[in-house]
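**Student:** What follows is a protein structure lacking sequence information:
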């Protein structure tokens, strides 16, 4: 039996140099995690429901490059958690509860707003597959309301077996109605460069040096705000101290026809450090007081 294929729309090249680890929402009211590698099932005749959604909602994702794509399969030993019914979801939430929402949600919480600790989940799984169709019209939970289609969210790029770069071609100028897909070369995911590893190690050192400077927190909001502050400091210092290595990473990406910025490379690395810290220090969250003030709060890393 042929393996299920998945498609990521937005890039022809999958690289660890720009990968962002999964991270909780950077506010106290949203449920969609940030980071990770987002994809959807691929169909050789219709391409993907995700492409249909993007075509119908261009104003929602105006920056998305819907001409570039990567088609891939998963390794046989990839550990993917499938969530296709509410009973499964409840068990996952019980095992991996989101203290980000339990302690900090902007209004009174009901069972519908109970969510998942994605950083901790990534410690035990390579990714999750959410059968959105089974949740779209259910009222038991609201945490998948923004997923739009059946989705494979990978936490680990090493779960990918191989991938093929692809071009989605639209045949009529100014129209998204008639299209086809042209497959290119087959690739494997390359290991990150020594430059990237060096920057990551340095950023982790800086982040941890700042984190340990504060031990007592009034509540969850105080704690998470401080972690965001440490992440921003990490970005600032790493940008000054590792410019040479970042330029080398950028040059490697340019060779692969990936246009990016030094800031984005450093930002992703430092945010990965934040994600790793949250993954490995859940016990700190468990013992924090609940945020008492009920209001919408943003935790922007970008000013």
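**Tutor:** The structure has been received and is ready for your questions. The structure displayed is predicted, hence computed values, not measured ones. Residues are numbered from 1 along each chain as shown.

**Student:** Now do the strands in the protein.
**Tutor:** 6-9, 37-41, 68-74, 80-83, 127-130, 151-154, 160-170, 179-187 (DSSP state E).

**Student:** For residue 206, find the nearest of those.
**Tutor:** For the strands of the chain, the distance to residue 206 is smallest for strand 37-41, at 25.9 Å, taking Cβ to Cβ. Using the backbone N, CA and C atoms, a C-beta is placed for each residue, glycine as well.

**Student:** Could I get the buried residue list for that closest one?
**Tutor:** Buried residues in strand 37-41, counted by 16 or more other Cβ atoms under 10 Å: 37-41.

**Student:** likewise stretch 128-141?
**Tutor:** For stretch 128-141, burial by neighbour count (16+ other Cβ under 10 Å) applies to 128-132, 134-135, 141.

**Student:** could you pull out the helices for the stretch 151-300 of the chain?
**Tutor:** 194-211, 220-241, 243-255, 262-280, 282-286 (DSSP state H, counting those that start in this stretch).

**Student:** Which secondary structure elements does the fourth one sit against?
**Tutor:** Helix 262-280 sits against helix 118-121, helix 194-211, helix 220-241, helix 243-255, with contacts defined as 3 or more Cβ pairs under 8 Å, 6 or more residues apart in numbering; DSSP states H and E.

**Student:** do that again at 10 Å, thanks
**Tutor:** Packing contacts for helix 262-280, counted by 3 or more Cβ pairs under 10 Å, 6 or more residues apart in numbering; DSSP states H and E, involve helix 118-121, helix 194-211, helix 220-241, helix 243-255, helix 282-286.

**Student:** Looking at those helices, which one is packed in the most?
**Tutor:** Comparing the helices and strands packed on helix 262-280 on average neighbours per residue, with mean count of other Cβ atoms under 10 Å, the densest one is helix 118-121 at a mean of 24.

**Student:** re earlier: any chance of the buried residues of strand 37-41 in TSV, with pLDDT too?
**Tutor:** Below are the buried residues of strand 37-41 laid out as TSV (pLDDT from 0 to 100):
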residue	pLDDT
37	98
38	98
39	98
40	98
41	98
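
**Student:** Could I get the strands of the chain in a markdown table, plus columns for distance to residue 229?
**Tutor:** Formatted as a markdown table, the strands of the chain follow (distance: least, Cβ to Cβ, whole Å):
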| stretch | distance to residue 229 |
| --- | --- |
| strand 6-9 | 32 |
| strand 37-41 | 28 |
| strand 68-74 | 35 |
| strand 80-83 | 32 |
| strand 127-130 | 30 |
| strand 151-154 | 28 |
| strand 160-170 | 34 |
| strand 179-187 | 39 |
